[in-house]
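In: The following block contains a protein sequence and its predicted model.
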Amino acid sequence: MKRILFLFISVLVVATSCAQKGKVTAASAFIDNGDLDAAEERINDALEHDKTKEWPRTYVVAANLATEQFKKDKEDEEKIIKAADYYFKAAEYDQKGDAKGRGIGRAEKEIKVALTFFMPELQNAGIEAFNNEEYETAMAIFERVIGLNKLPLYEEDNLPEDSVFIYYTGLAASRSENWSKAEDFFNQTIDLKYAEGDAILLLHEVYAESGDSSKMADNLKRGFELFPEDDRILTTLINFYLQTEQNDEALNYLNSAIEKDPTNFSFYNARGVLYDLSQDYEKAEEEYKKALEMNPEYFEPTLNLGVIYYNRGAEEMNEANDLTDNKAYEAARKEAEETFQQALPYMEKAHELRPDDVMVLETLKNLYYRFDMNDKYDEIDTKLKELK
């Protein structure tokens, strides 16, 4: 009697299990026939039932259903994200096997086939979200693209790293101001040597925006070592050192840069700025003039030379005013006027290059007043009033 009862219970358990698995099969059939509501009702039961909630096929069918629902409403990106998560669960339970550890890997082929059709859909959804500036959604989708391609079932396939999607996940994270994820994915991008200098500079922006200045120099130095031909990295590094008053470090990198690329006029201007800040004005003049020899239309060294001569003229005039001897005063005043004259052509050129620069206009106004150039004074004065 006990044996009969045991057999009856065993048959009942098998029947219950088959009934639940039958719901998964039915859900799949309803999906094929386009009846997604009926499919959803059955797959929801299977996802909750003890006999099928850890069955890999349940999650493959659930993923297929969510994908078809997304295809009907492309604005509901949560469905495609949910589908991806179902594939993660399918792979997880396939690696786990049943309660006794049997059947491990049995669903691997089915999952891989399903993913072959699913991945392009997922990738396109992420790209569409990114293009629509839905960056948080794009980031969530791209993370799943990367994660699915790293599933153990692909180990033997030796798939290459998803460098493109890693890079765009970093971009999406950055644009949604998720700085920690942006840092992580841009670092991965750099390790893969994808996007080269762009990735370095984007990571620099992440540190700037998040206020994490402690990592800026190391990131830029790494970039300079990896991509020495990218002038943008060196320029950014030098500017960082200038802004943080690490002039010696900046000068070392500038000297190295000029050795590598002696025709880059921006480097000479940067070196001039360094000497300027160190109050070594003669060396600063030399560097600014070298920059202008290479590019006569370069605003920064043009302005900087004008400022050097103007400030020098002002200092000389102050010194002249302190003199009590009239003859000495006249000689000193004349020297100061000559220095102011040196500033004039540079300031006029700077004005030509940037007509609305207020600082240039104010300096020119003072120079024209000093030299009784009344027509030009009036012209600049009118311009300043218009700008204000």
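Out: Received it, and whenever you're ready, just let me know what you need.
In: quick one, what contacts residue 306?
Out: 343, 344, 346, 347, 349, 350, 360, 363 (Cβ atoms under 8 Å, 6 or more residues apart in numbering). Just so you know, the C-beta spots here come from the backbone N, C-alpha and C atoms, and that holds for glycine as well.
In: List the buried residues for the host helix or strand of the third one?
Out: So the one you mean is residue 346. For residue 346, the enclosing helix or strand under DSSP states H and E is helix 326-353. Neighbour counts over helix 326-353 (16 or more other Cβ atoms under 10 Å) mark 332-333, 336, 339-340, 343-344, 346-351, 353 as buried.
In: do the same with stretch 352-368
Out: Buried, per 16+ other Cβ under 10 Å, within stretch 352-368: 353, 357, 360, 361, 363, 364, 365, 366, 367, 368.
In: what's the spacing between the second one and residue 376?
Out: Think residue 357. 16 Å (Cβ to Cβ, to the nearest Å).
In: try residue 91
Out: Separation of residue 91 from residue 376 (Cβ to Cβ): 77 Å.
In: same deal with residue 120?
Out: 67 Å.
In: Please identify which of those two sits among more neighbours.
Out: residue 376 (15 against 9; other Cβ atoms under 10 Å).
In: Now for the more buried one: which residues touch it?
Out: Counting by Cβ under 8 Å, 6+ apart, the residues that residue 376 touches are 364, 368.
In: Dump the C-alpha coordinates for the helix or strand hosting it into PDB.
Out: Under the criterion of DSSP H and E, residue 376 resides in helix 374-387. Extracted C-alpha coordinates of helix 374-387, given in PDB (Å, rounded to 0.1, in the frame of the first residue of the first chain):
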ATOM      1  CA  ASN A 374      41.600 111.300 -30.500                       C
ATOM      2  CA  ASP A 375      39.700 109.900 -33.500                       C
ATOM      3  CA  LYS A 376      40.700 106.400 -32.600                       C
ATOM      4  CA  TYR A 377      40.000 107.000 -28.900                       C
ATOM      5  CA  ASP A 378      36.500 108.100 -29.800                       C
ATOM      6  CA  GLU A 379      36.000 105.000 -32.000                       C
ATOM      7  CA  ILE A 380      37.100 102.700 -29.200                       C
ATOM      8  CA  ASP A 381      35.100 104.500 -26.600                       C
ATOM      9  CA  THR A 382      31.900 104.200 -28.700                       C
ATOM     10  CA  LYS A 383      32.600 100.500 -29.200                       C
ATOM     11  CA  LEU A 384      32.900  99.900 -25.400                       C
ATOM     12  CA  LYS A 385      29.700 101.800 -24.700                       C
ATOM     13  CA  GLU A 386      27.900  99.600 -27.300                       C
ATOM     14  CA  LEU A 387      29.200  96.400 -25.700                       C
END
